[in-house]
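1. Take a look and give me a structure for this.
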Amino acid sequence: MGVKDMGQRLCRSVQGGYQRFRTAMILDVVLFVCVGVLTYCHVYEIQDWYTEEIGCAAAAAAIGCIFAAALRLFLERRGQERHGFEVLLPVVVFVFFFILVQGHAWTDPYILLKTAGPALVFASVGLYCLESQNEGEEPALAVFFAISKAWLVGTLLIVSLSTCLTAFDSLLFSLEGRLHTTLYFLIAEFSFLFIGMQVFLASLPEQGKNMGTPALFRALLMRVLWPVYLILLAILYLYVAKIIYGWAIPVGMMNWFASLALLAFSVFFFCFANDARYLLLRHFLRWGLLLFLPILAVQAIAVWQRVEPYGLTVLRYTSILCTIFGIFLLVLAFLRRSPRPAFLVLALMIAAFTLTPLNIVDVPLRTQEARLWGVLEENDMLQDGEVVENPALAEGARDRLLSASEYLTDQKKTSFLETPGMRETLAKLRGMQKREKTTEWFEFQAENPVCIPVDGWKKAYRIDNPAVEDGVIFVDKGDGTKERFDVSVYLEELLAYAHKEDARGTGKFTQELRIDIDENTCLWLYDVGLSVRSHKGREDITAQIKGVLLKR
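-> I've put the predicted structure just below:
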């Protein structure tokens with residue numbers, strides 16, 4: 001087949017996809033336009049173009065596009081023709097999520113759950129509605145091929161258009177820097193968000209039509225990814241043998257690789273579960289549960305090694321849930337069941353763990369809060385509603401208490417700090433923990449490090465990491481002379497403040513950094529880094545200072 005024929009076939013495929021997924025493709029256009037406008041506003045630092053509303057529209061369009069595609073697949077599954085509500089329902093979904101996300105920052109984890117959760121549920125239901133293809137091919141294989149095809153087309157398009165833009169900029173007209181950056185971003189968004197999505201939707205299998213996956217694509221999976229996957233499994237088995245031989249599990253070394261192996265098994269199970277053409281793979285899928293038992297056992301122990309001292313976090317909780325779903329797939333494969341019902345189970349799990357009190361944000365918060373108060377109560381550190389010290393507090397209990405407080409503080413759940421005595425106790429425990437280490441590091445930054453208050457001052461000399469010896473710095477005035485300043489007392493004050501206020505354990509602080517030497521001299525600092533090395537009961541302070549010397 002020539003390149004021209006391939007191009008014509010791709011165009012016909014996209015046209016056919018538009019007839020099937022008309023509403024989804026229109027919403028995809030809305031998404032592309034919104035993201036393009038947001039890109040322009042971001043590069044040119046424009047804040048008053050209704051950027052919040054445009055961002056809400058982009059999120060709503062993305063969710064509406066997924067819902068519209070899933071609805072079309074659901075109707076095809078039921079053999080129903082196109083109805084007016086097929087346009088109305090996605091519009092309702094668009095408006096609902098547009099209103100939902102307004103006034104909220106995207107850094108809010110609950111907004112991410114309430115948007116990403118439904119989107120993944122809609123996608124899972126859509127995958128459930130797909131039918132098997134010829135020769136027992138699973139629909140997931142066709143979806144995998146559609147994703148690969150869309151990625152390939154998008155990549156080719158972004159490379160070719162970027163080359164053209166570079167040639168235009170180099171040979172014809174030199175583009176202004178921000179315009180050049182904007183065009184590169186728009187090319188990427190056009191290639192993947194617009195063209196890539198259109199190709200993906202057009203490539204999804206259609207009810208009643210046998211759209212077999214190309215033999216070359218299946219060969220790549222079976223002759224490239226399958227052998228590599230077997231090598232990964234062999235490495236994991238050798239690692240398990242190493243653990244048994246040494247009778248020790250290195251902390252945090254295996255979980256990601258075991259999860260990756262389980263993910264790869266899921267892909268092969270979804271794509272080839274009922275494909276009779278690959279007998280060896282079918283046997284592997286059949287006995288995958290038994291093969292994974294040693295790996296899962298070691299992974300469970302490794303996860304417990306992190307959960308027991310540090311508690312649940314969003315990532316750990318999500319990892320555990322993904323592993324549970326992977327085990328469910330192993331059981332399905334062992335029982336020789338179709339993988340199709342797993343998409344419904346996946347949809348239910350996503351809904352439960354994003355939209356209910358079992359969600360991946362609240363459960364870690366509740367468990368960490370329970371750990372914190374549990375340690376305090378078990379060690380008699382709560383007396384009449386006040387937190388008090390316990391000199392006999394074990395190191396393990398101290399670490400659990402501090403890790404729980406750090407997690408809650410990082411998640412901006414700081415109400416527990418209002419308990420009388422809580423801040424002081426945590427600060428002392430943090431200081432004890434850090435003094436056990438060889439070196440501590442603290443970083444102080446000004447509230448607005450780019451703005452230097454020069455009103456009333458005549459001269460300014462830059463201070464850029466001068467040598468600090470015994471608390472003394474020398475500022476180069478540019479005329480061959482240097483001025484000496486003793487900042488040792490100020491550095492000790494910063495260190496005392498850090499030991500007292502570092503309840504989060506991050507070692508980072510934001511505050512005004514100003515030293516008034518006299519009425520005509522001021523050291524205005526915007527970055528101070530303190531490295532404290534403990535040795536034989538003595539603290540050696542090394543400082544890195546950046547700022548400005550101001551003179552009247």
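
2. Going by C-alpha atoms from here, please, whenever you check contacts or count neighbours.
-> Will do.

3. Could you list the low-pLDDT ranges of the stretch 201-350 of the chain?
-> 208, 210-211, 250-253 (pLDDT under 70).

4. Would you map the helices across it?
-> 215-220, 226-246, 255-272, 279-286, 288-310, 314-334, 340-355 (DSSP state H, counting those that start in this stretch).

5. strands paired with the helix or strand G529 falls within, and their directions?
-> Following DSSP states H and E, one finds G529 within strand 521-535. Partners of strand 521-535 in the sheet, by DSSP bridges, are strand 439-445 (antiparallel), strand 514-518 (antiparallel), strand 538-551 (antiparallel).

6. outside of it, which residues touch it?
-> 435, 437-446, 448-449, 452, 495, 513-517, 539-552 (C-alpha atoms under 8 Å, 6 or more residues apart in numbering).

7. can we see that at 7 Å?
-> Identification of contacts with strand 521-535 by C-alpha atoms under 7 Å, 6 or more residues apart in numbering yields 435, 438-446, 449, 513-516, 539-552.

8. Next: stretch 455-465.
-> Applying C-alpha under 7 Å, 6+ apart, the contact partners of stretch 455-465 are V475, K477, Q544, I545, K546, G547, V548, L549, L550, K551, R552.

9. Tell me the spacing between the last one and Y490.
-> Applying C-alpha to C-alpha, to the nearest Å, the value for R552 to Y490 is 22 Å.

10. How about the fourth one?
-> Applying C-alpha to C-alpha, the value for I545 to Y490 is 12 Å.

11. Comparing these two, which shows the higher neighbour count?
-> Shown here are I545 and Y490; by other C-alpha atoms under 10 Å, I545 has more neighbours (20 against 14).

12. Can you classify R484 by secondary structure?
-> Using DSSP: H, G, I helix; E, B strand; the rest coil, the secondary structure recorded for R484 is strand.

13. Oh, that last question was meant for H104, not what I typed.
-> coil.

14. Just give me the neighbour total for it.
-> Using other C-alpha under 10 Å, H104 has 12 other residues around it.

15. Tell me the confidence at it?
-> For H104, the model assigns a pLDDT of 79.

16. Then the one 3 residues further on?
-> pLDDT for T107: 77.

17. That one: what secondary structure?
-> Here T107 takes the coil state, with states given by three-state DSSP.

18. how many neighbours does S160 have?
-> S160 has 13 nearby residues by other C-alpha under 10 Å.

19. Pretty sure it sits in a helix.
-> Yes. Assigned with three-state DSSP, S160 falls within a helix.

20. Run the angle between the host helix or strand of L165 and helix 255-272 for me.
-> Here L165 sits within helix 139-167, counting by DSSP H and E. Here helix 139-167 runs at an angle of 110 degrees relative to helix 255-272 (axes from the mean of the first three to the mean of the last three C-alpha atoms, to 10 degrees).

21. I would like the residues contacting whichever helix or strand comes after helix 139-167, please.
-> Downstream of helix 139-167, the first helix or strand assigned by DSSP H and E is helix 177-189. Helix 177-189 is contacted from outside by F32, G36, T39, Y40, V43, I158, L161, S162, using C-alpha under 7 Å, 6+ apart.

22. Just send the residues you listed back as JSON lines, with pLDDT and distance to T354 too.
-> Shown next, in JSON lines, are the contacts of helix 177-189 (pLDDT from 0 to 100; distance: C-alpha to C-alpha, whole Å):
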{"residue": "F32", "pLDDT": "95", "distance to T354": "26"}
{"residue": "G36", "pLDDT": "94", "distance to T354": "29"}
{"residue": "T39", "pLDDT": "92", "distance to T354": "29"}
{"residue": "Y40", "pLDDT": "90", "distance to T354": "32"}
{"residue": "V43", "pLDDT": "87", "distance to T354": "33"}
{"residue": "I158", "pLDDT": "94", "distance to T354": "34"}
{"residue": "L161", "pLDDT": "94", "distance to T354": "39"}
{"residue": "S162", "pLDDT": "94", "distance to T354": "39"}
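
23. Give me the buried subset of those residues.
-> F32, G36, T39, Y40, I158, L161, S162 (16 or more other C-alpha atoms under 10 Å).

24. nearest to I350, of those?
-> Nearest to I350, judged by C-alpha to C-alpha, of the buried ones among the contacts of helix 177-189 is F32 at 26.4 Å.

25. Verify the stated contact: that closest one with F194.
-> Yes. The pair formed by F32 and F194 meets the contact definition of C-alpha atoms under 7 Å, at 6.1 Å.

26. can you count the residues close to P420?
-> When neighbours are defined as other C-alpha under 10 Å, P420 has 15 of them.

27. wait, what's in contact with it?
-> By C-alpha under 7 Å, 6+ apart, the residues touching P420 are E386, V387.

28. Which parts of the stretch 351-500 of the chain are strands?
-> 382-383, 386-387, 439-445, 459-464, 468-469, 472-476, 482-486 (DSSP state E, counting those that start in this stretch).

29. among those strands, which is nearest L315?
-> Taking the strands of the stretch 351-500 of the chain one by one with C-alpha to C-alpha, strand 439-445 is closest: 26.3 Å.
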